[in-house]
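Colleague: need a 3D model of the sequence below.
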Amino acid sequence: MLESLNPEIISFKETAIMEIANFGRNYQKETGKHVFPAWFGEGDTETSNIIYGKTIESLKKGKTFYTYQNGIPDLRSEIAKYMNEVFKINTKPENHSVVTGGMMGLRLICDLIVDTGDEVVMVGPVWPNIRSSVLLKRGSIKEISLQLKDSEWTLDYDKLISSITSKTKMVFVNSPGNPTGWEMSKKQKDRLLKHTRDLGCWLVSDEVYHQITYNDLPSSSFLECSNPNDRLIVINSSSKSFNMTGWRIGWITHPEELGSHIAKLVQITTTGVPEFLQDGLISALQNYKDITKQLRKSLKVSRDMMFDRLVNWKQVECSIPNAAFYAFFKVKGINDSLEFSKKLILDTNVGVAPGIAFGQSGEGHIRICFAAKESFINQIMDRLEPVLNKS
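Modeller: This is a model prediction of the structure:
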């Protein structure tokens, strides 16, 4: 039966994050022991009632029909207003398209840009779905890896620039980054954008964590140093900044001429985001200052609680992130992070994401999402300490 299906799809394996999550869920089901899930990139705070209220109101008004493929006009206007205010830029509603989550946005952009044999340069370690999206299009990946030096994630920036040549079709950057929390500086972004502009290749920037910082300021955007005709595409999402992971709604910021082509891809995939969800995102954008202020405050408490202990553990080498909400750290002596993560579940009942999920440069590391309540952080740290703090 399977031999008659698309071999590209059949040969693909689930990501190591899903493998460990399924392993943990099955273990919990078979043994009845609770597994503490810290493997996925989402918080445990429910979506704000302000957003619920707008969405429910929209449902009651019967907004349950097909709608604009690029997003309803009111939402696209609100996105433009939000982006312009946050980044001090000047975009129009026509520069933004609404999609079913940031991941869908990235997948559509890979469909739009990448073809068989096209070279894609990316900075790693990086979340696995971008790699899969390129490989499904039969693209070729050239990865430039961050290095952990003096407790900081650093990038050989000259190496990145020299790796982008006339053969490069697309460059992908995730800043603030998952899993490291690394941020590319404004100066580096400006230089990188100029380099891709000169070469005529596309620059795709995943900026879904731009509000998840610990200095009360949003992270910078490539849009701040861009021109209207740049081959620049920015991916954003409601998931991280507004506690809306399960809502599956995000947006793409792009040159205006791409809008009709993105609409075609939306039409043949999801047909568009439900209008009542779009109304919910309008409410999130209109109230983003209050929502993100509270989110940063709670995340900082969780981050500090985790790293106050983690930095002292004997088996750990880590960097305290200034953005995103992950602890991504090297475990001494570990060269198979997937098997190590499975053993952690058996020994501690804590589920983490194995570093290999983020590329070969992530091997030997594990990732823990700390977007959780204080009680959860304390419990998982108490369980992990005997394993990660032994002499």
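
Colleague: C-alpha from now on. contacts and neighbour counts both.
Modeller: Fine.

Colleague: ok but residue 328 is inside a strand, no?
Modeller: Yes. Per DSSP: H, G, I helix; E, B strand; the rest coil, residue 328 lies within a strand segment.

Colleague: for it, what are its contacts?
Modeller: 179-180, 318-319, 355, 365-368 (Cα atoms under 8 Å, 6 or more residues apart in numbering).

Colleague: which among the residues you listed gets closest to residue 259?
Modeller: residue 179 (30.4 Å; Cα to Cα).

Colleague: and the two most separated of the contacts of residue 328?
Modeller: 319 and 355 (14.7 Å).

Colleague: neighbour count: these two, which is higher?
Modeller: residue 355 (30 against 22; other Cα atoms under 10 Å).

Colleague: state the distance from that one to residue 20.
Modeller: As judged by Cα to Cα, to the nearest Å, residue 355 and residue 20 stand 11 Å apart.

Colleague: what sits in contact with each of these two?
Modeller: What both residue 355 and residue 20 touch, as defined by Cα under 8 Å, 6+ apart, is the set residue 338.

Colleague: report the helix or strand with the lowest average pLDDT across this structure.
Modeller: In the chain, no helix or strand scores lower on mean pLDDT, DSSP states H and E than helix 7-11, which sits at a mean of 81.

Colleague: just how off-centre is it within its chain?
Modeller: The chain centroid and the centroid of helix 7-11 are separated by 25 Å under Cα atoms, centre = their mean, to the nearest Å.

Colleague: what comes into contact with it?
Modeller: 2, 136.

Colleague: next: stretch 283-299.
Modeller: 48, 50-51, 54, 78-79, 82, 211-214, 216, 241-242, 325, 370-372.

Colleague: list the buried residues of it.
Modeller: 283-286, 288, 291-292, 295-296, 298-299 (16 or more other Cα atoms under 10 Å).

Colleague: my guess is residue 99 contacts residue 259. True?
Modeller: No. Applying Cα atoms under 8 Å, one finds residue 99 not in contact with residue 259, separated by 11.8 Å.

Colleague: what residues are shared contacts of the two?
Modeller: Between them, residue 99 and residue 259 share the contacting residues residue 70, judged by Cα under 8 Å, 6+ apart.

Colleague: neighbour-wise, which of the two wins?
Modeller: Set side by side, residue 99 and residue 259 show more neighbours around residue 99, with 30 against 18, by other Cα under 10 Å.

Colleague: quick one: contacts for the nearest residue to residue 385 once chain neighbours are set aside?
Modeller: Leaving aside its chain neighbours, residue 385 sits nearest to residue 313 (7.5 Å; criterion: Cα to Cα, 6 or more residues apart in numbering). Applying Cα under 8 Å, 6+ apart, we find residue 313 in contact with 385, 388-390.

Colleague: gap between residue 313 and residue 148?
Modeller: 17 Å.

Colleague: quick revisit: of the contacts of residue 313, grab the buried ones for ChimeraX.
Modeller: Those of the contacts of residue 313 that count as buried under 16+ other Cα under 10 Å are selected in ChimeraX with:
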select :385,388
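
Colleague: which single one of the contacts of residue 313 is nearest to residue 36?
Modeller: Nearest to residue 36 among the contacts of residue 313, with distances taken as Cα to Cα, is residue 385, at 14.5 Å.

Colleague: any idea how far that closest one is from residue 354?
Modeller: 17 Å.

Colleague: cool, residue 211 as well?
Modeller: In terms of Cα to Cα, residue 211 sits 25 Å off from residue 354.

Colleague: ok, now residue 165?
Modeller: 32 Å.

Colleague: the more surrounded of these two?
Modeller: residue 354 (27 against 15).

Colleague: and the contacts of stretch 162-182?
Modeller: Against stretch 162-182 from outside (Cα under 8 Å, 6+ apart): 113-114, 118-123, 125-127, 142, 153-154, 183-184, 196, 199-210, 219, 321-328, 358, 367.

Colleague: quick one on the thing from earlier: so which of the contacts of stretch 283-299 are in strands?
Modeller: With strands taken from DSSP state E, there is no overlap with the contacts of stretch 283-299.
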